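1. Sequence first, predicted coordinates after that:
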Amino acid sequence: MAISPDQIDGAFIPVRRSTLTGVELDNEGVVLDENNGLLHLLSPTATVIWACLDGASSIDELAAELSATFSADSAQVHNDVLSLIRELGRRGLLEGVDIEDTNTSSPDEIIRSDQ
């Protein structure tokens with residue numbers, strides 16, 4: 001059963017949707033959703049997090065690891081990771097999360113997640 005993006009919490013284990021195609025260009029991610037005709041552009045930070053979404057770690061674990069790796073404030077990293085994961089869920093990029101209407105009117109719309 002899928003959950004809403006707002007129900008995602010630290011225990012959630014995010015997994016990229018298997019039907020997406022992604023590449024990294026100049027430290028930014030490009031994710032193609034052929035099913036919906038959307039191209040998602042990820043900031044460098046979002047690209048690092050996206051690469052970690054393999055179903056092995058919860059948001060809490062991922063945030064702790066990133067905080068330690070980058071010597072960053074753990075509360076801020078956790079909040080940023082949680083916000084990004086919820087947004088990726090809203091965009092339909094994660095398994096087990098209900099897609100929310102993002103008011104996309106054009107099949108070639110480009111969305112940038114700046115987390």
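-> Looks like it arrived, so ask away.

2. Next, give phi and psi for the residue lying closest to residue 99 once chain neighbours are set aside.
-> Nearest residue to residue 99, sequence neighbours excluded (CB to CB, 6 or more residues apart in numbering): residue 92, at 3.8 Å. Bear in mind the C-beta positions are built from the backbone N, C-alpha and C, glycine included. Comment: the main-chain dihedrals of residue 92 come out as phi 80, psi 20, following degrees, to the nearest 10.

3. Quick one: low-confidence residue ranges for the protein.
-> Across the chain, the ranges flagged by pLDDT under 70 are 101-115.

4. Tell me who's in contact with the residue nearest to residue 99.
-> When the contact criterion is CB atoms under 8 Å, 6 or more residues apart in numbering, the partners of residue 92 are 17, 33, 36, 99.

5. distance of the first one from residue 29?
-> Okay, so that is residue 17. Computed with CB to CB, to the nearest Å, the distance linking residue 17 and residue 29 is 14 Å.
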